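Visitor: quick one, fold the following:
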Amino acid sequence: MTLLFADIIIAAGFWDTAAIREKGNFTMKKILCLYIPIFCLTILLFLQISFYYTAVPDNFFREEEGKFALKAYPMITVKETGESVPTSRTGGERTMTATLYGIIPIKNVTVTNTAAPQLIPSGEAFGLKMLTEGIYVTDYGYVDGIMGIRSPAKEAGLEIGDVIISANGKKLSSANELSDAVQADGKRTVLTVKRDGRDMTIEITPECSKADGLFKLGIWTRDSCAGIGTLTYYDEENCTFGGLGHSVCDVDTGTVLSLSKGETVPVRINRVVKGVDGSPGELCGSFMSASPSGSIALNTDCGVFGYYSGSPTGESLPVAFKQDIEVGAAQIITTIDGMTPQYFDIEIEKVNYNSDTAVKNMVIRITDEELLSKAGGIVQGMSGSPIIQNGKIAGAVTHVFVNDVSRGYAIFAENMYGVSSKLEKGGVNMLDAA
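Guide: Here you go, the predicted model:
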């Protein structure tokens, strides 16, 4: 009987232990089911905050008081912090806070109140002619002379991409002047060159060519360039223009050409070489007049800018501030035949508010069947074609994707205007100065 009672106690004790263990396992499962999702959501939120901290720019322009949202990132709201004070009742800068879901602060940003600039969108093809400031070294050339086949410039340390400013103390403005300086003293040529923003002196002993008896340095150079692009807008108030949407670079070295002076001329587009994936097409045209239509004052990462000599026609539109640009339908204005710009449908696929460069702010895709049929998509020469969205100038086409010519990059119009607005109102027209 005692043994049986003991057995019952042991069995009861075993049952209670198993129940507790089972209850503990159930509780642990509940904890895991609760905390794992919370942990994952916390990590996701942290990643979102990290992304938007980088993606949201530090500076904004706006027209109206109050909070605003970034249309491409609708979960981001910029609102008052309660601590900042505007510098004036109608404008000035103030500090505001970008928040995630209107609750979680991401970063403080500077917001400037200002009226949106009014510009006349163009889309006209134009020819550009530029003289460089200095002589660009684009490649080595080899001279067959008394000392053998060699490049004296390469041996002396001159590098591809160097810009030759002067020779034997005389400032240069053309490759012909460099050649004259070399011939004047065949035994010794002292060059002042600019490399990586620094001036340096290089002394070269030219080689006398067996072919023509001329002294040569053994380099290929460039002192000018010409091409076709698209005008983005006219600023009627300041008589200025912006075009191209990216810098004019040396075709061989990729170096941004330093501008001495330049001009724009009217162009007629005669035909379009249709682009295919892997081989972008191009606009082919002819300069219509020797008389320039404007002067180029700046060649920058955001495009070429200068003074317009004529009287632009067309209706002015406001510039879209970057936070107003959204993923979705838009149009470009460009010229693919003759001299008359046309509207074509596109899709803005991506908006990058805080791009690493001032140029690649949007990814766009051509959706217009006519433009796809005739050009295949974006072609060389369309750079600068204005983008219109919701009745505002959103930006301009800048680059084509080589492996998908229906798509490419675009720049914010706000970035372009930020450069052209710095040109002196009614400033010196380089054509008149020349």
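Visitor: I'd guessed F241 sits against E263; true?
Guide: No. Contact status for F241 versus E263: not in contact, 11.9 Å apart, counting by Cβ atoms under 8 Å. Quick note: C-beta positions are derived from backbone N, CA and C, even for glycine.
Visitor: neighbours of V363, how many?
Guide: Per other Cβ atoms under 10 Å, the neighbour tally for V363 reads 17.
Visitor: same question, E370
Guide: 11.
Visitor: tell me the contacts of N108?
Guide: Taking Cβ atoms under 8 Å, 6 or more residues apart in numbering, we find N108 in contact with T81, T95, M96, T97, A98.
Visitor: wait, the third one touches E80, no?
Guide: Right, the one you point to is M96. Yes. With contact defined as Cβ under 8 Å, M96 reaches E80; the gap is 5.9 Å.
Visitor: tell me, what's touching these two both at once?
Guide: Counting by Cβ under 8 Å, 6+ apart, the residues touching both M96 and E80 are K67.
Visitor: which of those two has more neighbours?
Guide: M96 (21 against 14).
Visitor: counting by contacts, list what the strand or helix carrying the more buried one packs against.
Guide: According to DSSP states H and E, M96 maps onto strand 92-100. When contacts are defined as 3 or more Cβ pairs under 8 Å, 6 or more residues apart in numbering; DSSP states H and E, strand 92-100 packs onto helix 2-55, strand 73-80, strand 104-113.
Visitor: got the angle between that strand and strand 104-113?
Guide: Here the directions of strand 92-100 and strand 104-113 differ by 150 degrees (axes from the mean of the first three to the mean of the last three Cα atoms, to 10 degrees).
Visitor: give the pairing partners of strand 92-100; include direction for each.
Guide: The strands that strand 92-100 pairs with in its sheet are strand 73-80 (antiparallel), strand 104-113 (antiparallel) (by DSSP bridges).
Visitor: quick check, nearest of the contacts of N108 to L45?
Guide: Comparing these against L45 with Cβ to Cβ places A98 closest, at 15.3 Å.
Visitor: show me the contacts for that closest one.
Guide: Contacts of A98 (Cβ under 8 Å, 6+ apart): Y52, V56, I76, T77, V78, P105, I106, K107, N108, V109.
Visitor: filter those residues down to the buried ones, PyMOL style.
Guide: If you want just the buried ones from these in PyMOL, going by 16 or more other Cβ atoms under 10 Å, the selection is:
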select buried, resi 52+56+76+77+78+106+109
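Visitor: which one of the contacts of A98 is nearest Y353?
Guide: Using Cβ to Cβ, V56 comes nearest to Y353 of the contacts of A98, at 6.4 Å.
Visitor: as a markdown table, the contacts of N108 with pLDDT and distance to V363 would be great.
Guide: Formatted as a markdown table, the contacts of N108 follow (pLDDT from 0 to 100; distance: Cβ to Cβ, whole Å):
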| residue | pLDDT | distance to V363 |
| --- | --- | --- |
| T81 | 71 | 33 |
| T95 | 89 | 31 |
| M96 | 91 | 28 |
| T97 | 92 | 28 |
| A98 | 91 | 23 |
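Visitor: is it possible to get CSV of the residues you listed that adds distance to S122?
Guide: Putting the contacts of N108 into CSV (distance: Cβ to Cβ, whole Å) gives the following:
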residue, distance to S122
T81, 40
T95, 37
M96, 34
T97, 38
A98, 34
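Visitor: before we move on, the earlier item: okay, and the common contacts of F241 and E263?
Guide: Between them, F241 and E263 share the contacting residues G294, judged by Cβ under 8 Å, 6+ apart.
Visitor: who's more crowded, the two?
Guide: Legend: neighbour count by other Cβ under 10 Å for F241 and E263, higher for F241 (33 against 21).
Visitor: the more buried one: what's it in contact with?
Guide: With Cβ under 8 Å, 6+ apart, F241 has these contacts: 122, 231-235, 264, 294, 305-308, 420.
Visitor: okay, now the domains of this structure?
Guide: Here the domain parsing of the chain from automatic domain parsing is 56-113, 118-128+226-433, 142-217.
Visitor: of all these, which one comes closest to T42?
Guide: For T42, the closest of the domains of the chain is domain 56-113, at 12.1 Å, according to Cβ to Cβ.
Visitor: so what's the gap between the closest one and the chain middle?
Guide: Taking the mean of its C-alpha atoms, domain 56-113 sits 24 Å from the chain's own mean (Cα atoms, centre = their mean, to the nearest Å).
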